[in-house]
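[1] Following is a predicted model, sequence given first.
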Amino acid sequence: MNGGGGLKSLMAAAVTRGVTEARARIFGQSLNPTAQRSPHKLLRKKLIGEKVAQWYPYDIKKDDPLVMARQEQERLSKLEMLKRRGKGPPKKGQGKRAKRNK
């Protein structure tokens, strides 16, 4: 009697394993009988870098040297104006930290 129950459970386990393998093959799933962690789920996802890049509009400033030159000129003129008023950045070694230590 005891041997029959063991054979039945053994057959059920084999059938279950066979069904699981067939299901994984049919549906393109990865079979993981040991239940170890694997990166399969992450690697299966679509990459989103292209979608994120498409969301942002094209920036003309990166390719047009005239736009970059104009911005640089505006920055320099603003800096010159600040220096004339005495509000420009301090010379190297004469900032707040240097004055505090003396």
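    Okay, I see it. Residues are numbered from 1 along each chain as shown.

[2] Could you use CA atoms for every contact and neighbour count after this?
    Fine.

[3] pLDDT of the helix or strand hosting L66, averaged?
    Counting by DSSP states H and E, the element that carries L66 is helix 65-84. For helix 65-84, mean pLDDT rounds to 92.

[4] As PDB, could you dump the C-alpha coordinates of the next helix or strand after that helix?
    Per DSSP H and E, the first helix or strand lying C-terminal to helix 65-84 is helix 96-101. C-alpha atoms of helix 96-101 as PDB (Å, rounded to 0.1, in the frame of the first residue of the first chain):
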ATOM      1  CA  LYS A  96      35.800  84.300   1.400                       C
ATOM      2  CA  ARG A  97      37.800  81.300   2.600                       C
ATOM      3  CA  ALA A  98      41.200  83.000   2.100                       C
ATOM      4  CA  LYS A  99      40.000  86.200   4.000                       C
ATOM      5  CA  ARG A 100      38.600  84.100   6.900                       C
ATOM      6  CA  ASN A 101      41.900  82.400   7.600                       C
END
